[in-house]
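In: dropping a prediction and its sequence here:
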Amino acid sequence: MKEDQLNNLFIEKLLKNDRRAVARSISIVESNNSSSSELLKSVYANVGKAYRIGITGPPGAGKSTITNQLTKLFRKQNKKVGIIAVDPSSPFTGGALLGDRIRMTEIGQDSGVFIRSMATRGSVGGLSKKANDAADILDVAGFDYIILETVGVGQSELDIAKAADTTIVILVPESGDAVQAMKAGLMEIADFFVVNKSDRPGAEQAISALNTILIMKEHNFNSWMPNIISSVASENMGIKEIADEIKRHKNFLESSNKLLERREFRIKARIKEIVEDKIRDLLWNESGKNSLNSSLEKVVLGSLSPYHIADEIIDNFKNQL
Ligand SMILES: Nc1nc2c(ncn2[C@@H]2O[C@H](COP(=O)(O)OP(=O)(O)OP(=O)(O)O)[C@@H](O)[C@H]2O)c(=O)[nH]1
Ligand SMILES: [Mg+2]
């Protein structure tokens, strides 16, 4: 079957929320090759109905527990939920978040829930590209909410924010998370904070420290002031408040026309990422690699600098276009 016929078949099945088609389509987009761009192009007309929620925070903060509880709450409202758990620290797909999968078996049995783990370390295309691509598939398949969970290490929180309509940063009372959050740029991406594990000592201090930082920060943030919610996710406490805050933020974005603005901003970043990805692939094709390898000796011996070789490679690349 030709690729476009195959894609049409996928779209039909995706639109019917066929789970196998969803799983297969995500595998295709994960492979990040020409079939994946063709599939994503052909489904795009049906993208845009789902609401995308990013959940990030330090390891073990309770992101999966919150995702799990939120999902149960959304299911009670008869909403379909797609979950993508992105592990930026692992190069292995599938088994990467087995722990989470097991913990989520309860919701994993539900036909209105789809859970997928993705690993991104060392993969072609960044975290936000992968998350965006997979979220597009879930979106087409009719999931009302798409939850993107990622552990905050390095750049990953900022990346997940590039794929979400509402970004939630989960912190815990201990370990001076508030200050860390400020340093890591989380203040810029959080639409609201959750201090989870509020059953532990120090929760109130953590909230007030975070509050102080938030107040001190200048917010030219389109008049949206991030709230702080405390939760004990393992006891299902604070989950309704989290869901309400998501709704409040969604309403804010929609009523102020900011949702479109935010999506435009994200799409711009996404297009840049796709272009850079494709250019990188073209650049390091056989001839790019050859000209790099054949010049190394001259650089090592000192007759040419790395900058000479870089210019040469770029010139060659331009000539090929
Ligand atoms: N005391 C307490 N424990 C909690 C709470 N929420 C979650 N936990 C526990 O904390 C541990 C980590 O929870 P997860 O939900 O897996 O945390 P996570 O942020 O998804 O972890 P990673 O994905 O590994 O970064 C689990 O043993 C949970 O049962 C809470 O509110 N209070
Ligand atoms: Mg987790």
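Out: Done, it's in. Ligands and ions are numbered 1, 2, ... in the order given.

In: when you work out contacts or count neighbours from here on, use the C-alpha atoms and nothing else.
Out: OK.

In: the helices in the stretch 51-200 of the chain, which residues?
Out: In the stretch 51-200 of the chain, the segments counted as helices under DSSP state H, counting those that start in this stretch are 63-76, 98-103, 105-108, 127-140, 156-161, 177-183, 186-189.

In: which stretch in those has the least confidence?
Out: Note on the helices of the stretch 51-200 of the chain: helix 98-103 shows the lowest mean pLDDT, a mean of 50.

In: next SSE after the helix ranked longest in the chain?
Out: Assignment by DSSP state H gives helix 258-283 as the longest helix of the chain. Counting by DSSP states H and E, the element after helix 258-283 in chain order, helix or strand, is helix 286-301.

In: elements contacting that next one?
Out: helix 306-320 (3 or more CA pairs under 8 Å, 6 or more residues apart in numbering; DSSP states H and E).

In: would you mind giving the domain segments of this protein?
Out: 47-256, 284-320 (automatic domain parsing).

In: tell me which of the helices of the stretch 51-200 of the chain lies nearest to ligand 1.
Out: helix 63-76 (3.6 Å; CA to the nearest ligand atom).

In: which other helices and strands contact that closest one?
Out: On a contact count with 3+ CA pairs under 8 Å, 6+ apart, helix 63-76 meets strand 51-57, strand 81-87, helix 105-108, strand 145-151, helix 239-255.

In: what pairs with the fourth one, and is each one parallel or antiparallel?
Out: The strands that strand 145-151 pairs with in its sheet are strand 51-57 (parallel), strand 81-87 (parallel) (by DSSP bridges).

In: just confirm yes or no for the last one near ligand 1.
Out: No. Strand 81-87 lies out of reach of ligand 1 by CA under 6 Å from any ligand atom, never closer than 7.9 Å.

In: other residues contacting stretch 190-207?
Out: Defining contact as CA atoms under 8 Å, 6 or more residues apart in numbering, one finds that stretch 190-207 is touched by 61-62, 166-174, 176-178, 225-233, 242, 245, 249.

In: in it, which residues are buried?
Out: 190-198, 203, 206-207 (16 or more other CA atoms under 10 Å).

In: tell me which of those fall in strands.
Out: Using DSSP state E, 192-195 are the members of the buried residues of stretch 190-207 that sit in strands.

In: how about CSV for these, with distance to residue 294 added?
Out: Compiled in CSV, those are given as follows (distance: CA to CA, whole Å):
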residue, distance to residue 294
192, 52
193, 52
194, 54
195, 55
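
In: and the two most separated of those?
Out: Using CA to CA, those span at most 10.1 Å, a distance reached by 192 and 195.

In: picking up where we left off before, keep the buried residues of stretch 190-207, but drop any that are not near ligand 1.
Out: 196-198.

In: now, among those, which is nearest to residue 120?
Out: Using CA to CA, those come closest to residue 120 at residue 196, 26.0 Å.

In: which pLDDT does the model give the closest residue to the closest one other than its chain neighbours?
Out: Nearest residue to residue 196 in three dimensions, chain neighbours excluded: residue 231, at 4.6 Å (CA to CA, 6 or more residues apart in numbering). Residue 231 carries a pLDDT score of 97 in this model.

In: from here on, call the first residue 40.
Out: Right, with 40 as the first residue, what we last looked at is residue 270.

In: my read is that residue 270 contacts residue 212, right?
Out: No. With contact taken as CA atoms under 8 Å, residue 270 and residue 212 are classed as non-touching, separated by 10.7 Å.

In: of these two, give the one with the bigger neighbour count.
Out: residue 270 (25 against 22; other CA atoms under 10 Å).

In: what's near enough to touch the residue most central in space within the chain?
Out: Taking CA atoms, centre = their mean as the criterion, residue 199 is the residue nearest the geometric centre of the chain, at 3.4 Å. By CA under 8 Å, 6+ apart, residue 199 lies in contact with 93, 95, 166-167, 170, 187, 189, 206.

In: the helix or strand hosting residue 48: what's the following helix or strand?
Out: Taking DSSP H and E as the criterion, residue 48 maps to helix 42-54. Following helix 42-54 in sequence order, the next helix or strand is helix 58-70 (DSSP H and E).

In: so what secondary structure elements neighbour that following helix?
Out: helix 42-54, helix 73-82, helix 166-179.

In: so for that helix, what gets flagged as buried?
Out: Here helix 58-70 shows 58, 60-62, 64-65, 67-70 as buried, counting by 16+ other CA under 10 Å.
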